[in-house]
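1. Sequence first, predicted coordinates after that:
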Amino acid sequence: MRYKSTVILAIETSCDDTCAAVVADSVADGSGGRRALSNVVHTQTEHARYGGVVPEVASRAHLERLDGVVEAALSEAGVTLDDIESIAVTVRPGLIGALLVGLSAAKGLAYARGLPLIPVDHLEGHVAAAYLTDPDLEPPFIAGIASGGHTALYSVDGDHGLHLLGKTLDDAAGEALDKGARMLGLGFPGGPALSKAAASGDPGRYEFPIALMQKDSLDFSFSGLKTSLLYRLKELDEVQVREALPDLAAGYEAAVVEALSRKLLRAVEREGASTLVVAGGVAANAPLRRRLGEACHASGTRLVIPSPDLCTDNAAMIGAAALYTPRVPYPEYLDLNARSI
Ligand code: KG4
Ligand code: ZN
């Protein structure tokens, strides 16, 4: 079911990006296509020196930035709060303090403007980014989410619900990329840093394990890959590591891409699906997009991968998911709570 909100203000603060967006629903205004009128992301740079996200630092930075980000989202969309019909906000999963900043702001805005609140699951948001990419997309389809916190495969049915087919048994794909990049002395976030280092590398020089588990399993595992890089690095001295860096980065990235691709394609085949959606920060990865593009072209599978800015955390995807999520009226929304999982 699609709820007919015309203009939604969406807020996303589940991790280290402070995000706000305005999303319009064409069902109500008849202008054709669900679309983001604005999508403002402020990426917190405070975490770079720690090599990972520090929850307390993230909450404080959201608090400082959110007002400005919301104002920018309204102004870039060319609307004011008078035009907004509901407020959408990520309520789970994520860093609890970070989520609470967004949820409190959303409750305040909803109360002040007399608007309903739409609580959104972050993972449903990642999948919903695909609805903004392909206005004709409707379930059923297979969705793979690969981000810094999650790696999972779902079948998405007519009511837009996510039904779990498989998930990582240890690290998320993005986490594996971030940890590998850190071991190689590259920057954070590791995915883009590894890609940059890998660009001139030979992925065939160093082979890394691709964990595929049992034949029929749709679960993932990335911890062996990480350990394998650790052992490789122990065999090399500092000068050798520097010389081999592009090849190590390329081999490591290729192993993550291959593990993800094979499982996604296996799910499509097993479920007899005709459409594959891939989302989450790791779906911004160019080699992954290429690999899946070629395989889906060959098999005649429709592949929908949002543009890189809609793959990494953003609020437009939360607004898109809100189109299919029931609104909560006043005063019920005052009881809504954030959940870390
Ligand atoms: O979805 P996201 O922005 O945040 C979470 O919900 O976790 O995903 C962040 C993850 C990080 O691990 C980051 O290294 C990875 O996505 N990532 C990439 C790329 N851009 C971000 N991984 C590979 N290639 C990229 N271009
Ligand atoms: Zn995310």
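-> Cool, the structure landed. Numbering: from 1, shown residues only. Ligands and ions are numbered 1, 2, ... in the order given.
2. from here on, contacts and neighbour counts on C-alpha atoms
-> Fine.
3. contacting residues around Arg160?
-> Quick fix: residue 160 reads His, not Arg. With contact set as C-alpha atoms under 8 Å, 6 or more residues apart in numbering, His160 has these partners: Pro139, Tyr324.
4. how about it, secondary structure?
-> Secondary structure, DSSP: H, G, I helix; E, B strand; the rest coil: His160 is coil.
5. Stretch 55-70 and ligand 1 in contact?
-> No: contact of stretch 55-70 with ligand 1 (C-alpha under 6 Å from any ligand atom) is absent, the minimum separation being 13.2 Å.
6. my bad, should have said stretch 191-202
-> Yes: with C-alpha under 6 Å from any ligand atom as the measure, stretch 191-202 is seen reaching ligand 1 through Gly191, Pro192.
7. next one: stretch 244-255
-> No: between stretch 244-255 and ligand 1, judged by C-alpha under 6 Å from any ligand atom, nothing touches; the nearest distance is 8.1 Å.
8. The closest residue to Pro209 other than its chain neighbours: what's it in contact with?
-> Distances taken as C-alpha to C-alpha, 6 or more residues apart in numbering place Leu225 nearest to Pro209, at 5.7 Å, with adjacent residues excluded. With contact set as C-alpha under 8 Å, 6+ apart, Leu225 has these partners: Ala176, Phe208, Pro209, Ile210, Ala211, Tyr252, Ala255.
9. and the first one, what does it touch?
-> The reference is to Ala176. Ala176 makes contact with Phe222, Ser223, Leu225, Lys226, Val256, according to C-alpha under 8 Å, 6+ apart.
10. Restricted to helices, list those residues.
-> Among the contacts of Ala176, the ones falling in helices (DSSP state H) are Ser223, Leu225, Lys226, Val256.
11. Could you list the domains of the chain?
-> 7-129+313-335, 141-272 (automatic domain parsing).
12. And Gly125, how far from Ala36?
-> Separation of Gly125 from Ala36 (C-alpha to C-alpha, to the nearest Å): 13 Å.
13. can you list the residues of the stretch 201-341 of the chain near ligand 1?
-> So the stretch 201-341 of the chain meets ligand 1 at Gly280, Gly281, Val282, Ala284, Asn285, Thr312, Asp313 (C-alpha under 6 Å from any ligand atom).
14. State the pLDDT value of the fifth one.
-> At Asn285, the model reports a pLDDT of 97.
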